[in-house]
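In: Make a model of this:
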Amino acid sequence: MTDLLEKLARSELKLGIIAGGQLGKMLIQEASRWAIVTHVLDPDPDCPAKRIATRHVVGDFLDFDTVYEFGKEVDILTYEMENINIEALLKLKEDGYRVVPDPEVLALIQDKGLQKIFYSQHAIPTSSFVCYESRTDIEEAVARKELRYPFVQKLRKGGYDGQGVAVISSASDTLLEGASVVEKKVEIDKEIAVIVARNSAGETRTFPVVEMTFNPQTNLVEDLFCPANISEEEKRTAEALAIEIIEKLDMTGLLAVEFFVDIKGEILVNEVAPRPHNSGHHTIDAVLTSQLEQMLRAILGLPLGSTEMIMPSVMLNLLGEEGHRGDVRYEGLEDVLDIEGVKVHLYGKHQTRPSRKMGHITVLAGTLEEAFQKADSVKSIIKVKSCQK
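Out: Numbering: from 1, shown residues only. The predicted model follows:
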C-alpha cells in the first residue's frame, strides 16, 4: 500500500485543490465520502467550496509564493481550473511534492497554441490552424490574403467559459488582442464530448459520449444529453481518440475532450481540459461512477470505477437571467423539484449576473425522449433572478 493509500485508510489524507468554484465544491463533496481532509485555495473569501472544505486559504492562485506554500501543506495537490501559476507547480514537483495531473501537462493545455501543435504532431484530427503573436499580425495576414473569412480566433492563454473566443466573419468583426490561434471555421453538425480517466497504472476508462448544445451569444453550454445522438462507429472513434490523447500526454487524472462532428461526419478535436468538466456533471446522477469519484480514483492510484450509464439524462446549466444582478433568487425551484427524475444542484453563489453559472439540473428518465420532455418543462419553469431587479 502506498503512503497515500495508507493515509486514506487512516482518514488522514490531505487533498489540496486549487480554486474553490463549483468544480472544487463538487470534488470536495465526493472526497468527504472517503473522509479525505480537503484544503482549498481561492481568492474569494465566499467561494462555493468554502463552506464544506476542511480549510480554506484565501489567496491568489496566480501568485508563485501562495501556490507553492499551499502545495507544501498537503499530501497531494490538484486543481479545478487551468489558469494557475505554472512555475509554482513545476517547483513543487521538482521538490518532490505530488501534483496531479502533472504540471507539464497543464503547461501544454494552458496554451491553446501548444494544444493544437500537439494534435498536429501526433496526427490527431483537428481543424487547420495558424498561430499569430498579435491582432496586427492577423490583420496583416488578412490583407495579404493568407487568411480568409470566416475564421475562429482563440486567445492562446486565459480563455474560460466562452471568453477569449471570437468568430470573425468579416472585417467589421472585432479581433481580440493578444497571441492567438486562428482556426478554420468548421461547418459543425454536432458538438460532442468524452471524459476519459487514467490512473498511475495506465488503466483507462471513458464515460459515455455526450452531445452538447451551445448558446451562440455566450458560447456556453445550454444543455447536454447522454447518450449522444451519433452512430456506434462515431462513438467508438471519439472514445478511442480520447484514450489516445490521454495516453500520449502520459497523463494521470481526468481529461475532458471536446469534439466537433462536421457536416461530412468527420470527428475533430476542439480542445481539452485536465479536470472535472461541465460536460460530466450529469455523471453524478446518471452514471455508476461520477467524474468526481473517478478523478479521485485516478489521482490516488486506485482502480477506476464502472462508467456504465444508469439512465438516459439531460443536463441543463442554470444561468443568471439577463437584466438581473445581485442577491440570487431561484424562481420555480419547488415546482421543478416536484417533477420525477429531476436532480437540482445549486453551487452556493450568492450573487447572480447575466449568464453566470449558478447551478445545474440533471433530468433522468427511462428514455432520452422522455428526459427531453421533462427538461423542456424544467426550462420553462425555473429562472435565476436577483432579489432586487
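
In: Helices of this protein, start to end?
Out: For the chain, the helices defined by DSSP state H cover 3-9, 22-32, 64-72, 86-94, 103-110, 112-121, 135-143, 232-248, 283-286, 291-299, 333-337, 368-381.

In: Determine which stretch of the ones you listed is the most buried.
Out: For the helices of the chain, the largest average neighbour count (mean count of other CB atoms under 10 Å) is found in helix 291-299, namely a mean of 24. Where C-beta positions appear, they are placed from N, C-alpha and C, glycine not excepted.

In: what does that helix rub up against?
Out: With CB atoms under 8 Å, 6 or more residues apart in numbering as the test, helix 291-299 has contacts from 26-27, 29-31, 33-34, 36, 76, 78, 100-101, 195, 197-200, 205, 207, 252-254, 275-277, 280-281, 283-284, 289, 302-305, 307.

In: Can you report how many residues neighbour Gly159?
Out: Gly159 has 19 neighbours, counted by other CB atoms under 10 Å.

In: wait, what's in contact with it?
Out: With contacts defined as CB under 8 Å, 6+ apart, Gly159 is in contact with 112, 165.

In: Please apply the same query to Gly359.
Out: With contacts defined as CB under 8 Å, 6+ apart, the neighbours of Gly359 are 22, 317-318, 330, 344-347, 384.

In: Where does the prediction get shaky in this structure?
Out: When residues are selected by pLDDT under 70, those of the chain lie in 1, 161-162, 216-219, 389.

In: Of all residues in it, which one is nearest the centre?
Out: His277 (2.7 Å; CA atoms, centre = their mean).

In: ok, what's across the strand from the nearest residue to that residue once chain neighbours are set aside?
Out: Among residues not flanking His277 along the chain, Ala256 sits closest, at 3.4 Å (CB to CB, 6 or more residues apart in numbering). With DSSP bridges applied, Ala256 shows beta-bridge pairing to Ile195, Ala273.

In: if we can go back for a sec, could you export the helices of the chain as CSV, including distance to Thr54?
Out: Below are those laid out as CSV (distance: least, CB to CB, whole Å):
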stretch, distance to Thr54
helix 3-9, 14
helix 22-32, 8
helix 64-72, 13
helix 86-94, 20
helix 103-110, 24
helix 112-121, 34
helix 135-143, 45
helix 232-248, 30
helix 283-286, 21
helix 291-299, 15
helix 333-337, 29
helix 368-381, 34
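
In: For Met358, which of those is the nearest?
Out: Of all the helices of the chain, helix 22-32 sits nearest to Met358, with 8.8 Å by CB to CB.

In: beta partners of Thr78?
Out: With DSSP bridges as the criterion, the beta-bridge partners of Thr78 are Ile17.

In: picking that back up, most surrounded residue in the contacts of Gly359?
Out: Neighbour count (other CB under 10 Å) singles out Val384 as the most crowded of the contacts of Gly359, with 26 neighbours.

In: wait, what's in contact with it?
Out: Contact partners of Val384, counting by CB under 8 Å, 6+ apart, are 318-321, 324, 328-331, 352, 358-359.

In: Closest to Asn85 out of the residues you listed?
Out: Each of the contacts of Val384 was checked against Asn85 using CB to CB; the closest is Met358, at 28.0 Å.

In: Apart from its neighbours in sequence, what residue is nearest Ser169?
Out: Pro150 is the one closest to Ser169 (CB to CB, 6+ apart), at 4.4 Å.

In: Phi and psi next, for the one you found.
Out: Backbone geometry at Pro150, expressed as degrees, to the nearest 10, gives phi -90, psi 160.

In: next one: stretch 285-302 to chain centre, how far?
Out: Its chain's C-alpha centre lies 15 Å from the corresponding centre of stretch 285-302 when counted by CA atoms, centre = their mean, to the nearest Å.

In: Now do it: distance from first to last residue.
Out: Using CA to CA, to the nearest Å, the end-to-end distance of stretch 285-302 comes to 22 Å.

In: What of stretch 213-232?
Out: The first and last residues of stretch 213-232 sit 20 Å apart, counting by CA to CA.

In: For it, buried residues please.
Out: Neighbour-count burial for stretch 213-232, with 16 or more other CB atoms under 10 Å as criterion, is recorded at 219-221, 223-226, 228, 230.

In: Check stretch 245-263 too.
Out: 245-246, 249, 251-261.

In: beta partners for Val344?
Out: Ile361.

In: close enough to count as contact, it and Asp335?
Out: No. In this structure, Val344 is not within contact of Asp335 by CB atoms under 8 Å, at 11.2 Å.

In: before we move on, the earlier item: could you dump the buried residues of stretch 245-263 into a markdown table with distance to Ile84 added?
Out: Rendered in a markdown table, the data for the buried residues of stretch 245-263 read as follows (distance: CB to CB, whole Å):
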| residue | distance to Ile84 |
| --- | --- |
| Ile245 | 21 |
| Ile246 | 20 |
| Leu249 | 17 |
| Met251 | 16 |
| Thr252 | 17 |
| Gly253 | 14 |
| Leu254 | 16 |
| Leu255 | 17 |
| Ala256 | 17 |
| Val257 | 20 |
| Glu258 | 20 |
| Phe259 | 25 |
| Phe260 | 27 |
| Val261 | 31 |
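
In: and which of those is nearest Val167?
Out: Where the buried residues of stretch 245-263 are concerned, and distances follow CB to CB, Val167 has its nearest neighbour in Phe260, at 13.4 Å.

In: Pull up the gap between that closest one and Ile188, please.
Out: Taken as CB to CB, to the nearest Å, the spacing of Phe260 relative to Ile188 amounts to 5 Å.

In: Quick one: residues in contact with stretch 137-157.
Out: Contacts of stretch 137-157 with the rest of the structure, by CB under 8 Å, 6+ apart, involve 83, 110-114, 130-132, 164-171, 175-176, 178-185.
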